[in-house]
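**Q** here is a sequence together with a model predicted from it:
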Amino acid sequence: MKEFLIIDGYNIINAWPDLKEISERSLEEARDVLVDKMVEYRFYTNIEVIVVFDAYRVDGAKVKRDRIKGVDVIFTKKNQTADSYIEKKVEQLAKDKKI
């Protein structure tokens, strides 16, 4: 079975002082730095990493998925929190016996 690390990207950005400082200048840059850190983490641990950013309040937002250097980056659809996406993803992984 694979190991997974699934994180709420904005919670991490707001919790880590260096990322919070960057986000005050540019949220996009803070997301990029977080993803870069998660790419390094995946490289050293070989754990599958999924970073979820919610687009809860973004009009017309649809689920967007990217794979960046082995890390899955997800932007949720409008009215979907990162937490609800993560809960469903964990259920799916458990059902598929991947975790």
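**A** Noted; the coordinates are in hand.
**Q** what about this protein, any weak spots by pLDDT?
**A** 56-62, 99 (pLDDT under 70).
**Q** next SSE after the helix ranked longest in it?
**A** Longest helix in the chain, counting residues (DSSP state H): helix 27-45. Reading on from helix 27-45 to the C-terminus, the next helix or strand found by DSSP states H and E is strand 48-53.
**Q** which strands or helices does that following strand pack on?
**A** The helices and strands touching strand 48-53, judged by 3 or more Cβ pairs under 8 Å, 6 or more residues apart in numbering; DSSP states H and E, are strand 4-8, helix 9-15, helix 27-45, strand 71-75, helix 82-95. Any C-beta I mention is one placed from the backbone N, CA and C, and that applies to glycine too.
**Q** one more time with 10 Å
**A** strand 4-8, helix 9-15, helix 27-45, strand 64-68, strand 71-75, helix 82-95 (3 or more Cβ pairs under 10 Å, 6 or more residues apart in numbering; DSSP states H and E).
**Q** what angle sits between that strand and helix 82-95?
**A** Strand 48-53 and helix 82-95 are oriented at 150 degrees to each other (axes from the mean of the first three to the mean of the last three Cα atoms, to 10 degrees).
**Q** partners of strand 48-53 in the sheet?
**A** strand 4-8 (parallel), strand 71-75 (parallel) (DSSP bridges).
**Q** got these as JSON lines, with distance to Ala94 and mean neighbour count columns?
**A** Converted to JSON lines, the strands paired with strand 48-53 look like this (distance: least, Cβ to Cβ, whole Å; neighbours: other Cβ atoms under 10 Å):
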{"stretch": "strand 4-8", "distance to Ala94": "10", "mean neighbour count": "17"}
{"stretch": "strand 71-75", "distance to Ala94": "17", "mean neighbour count": "20"}
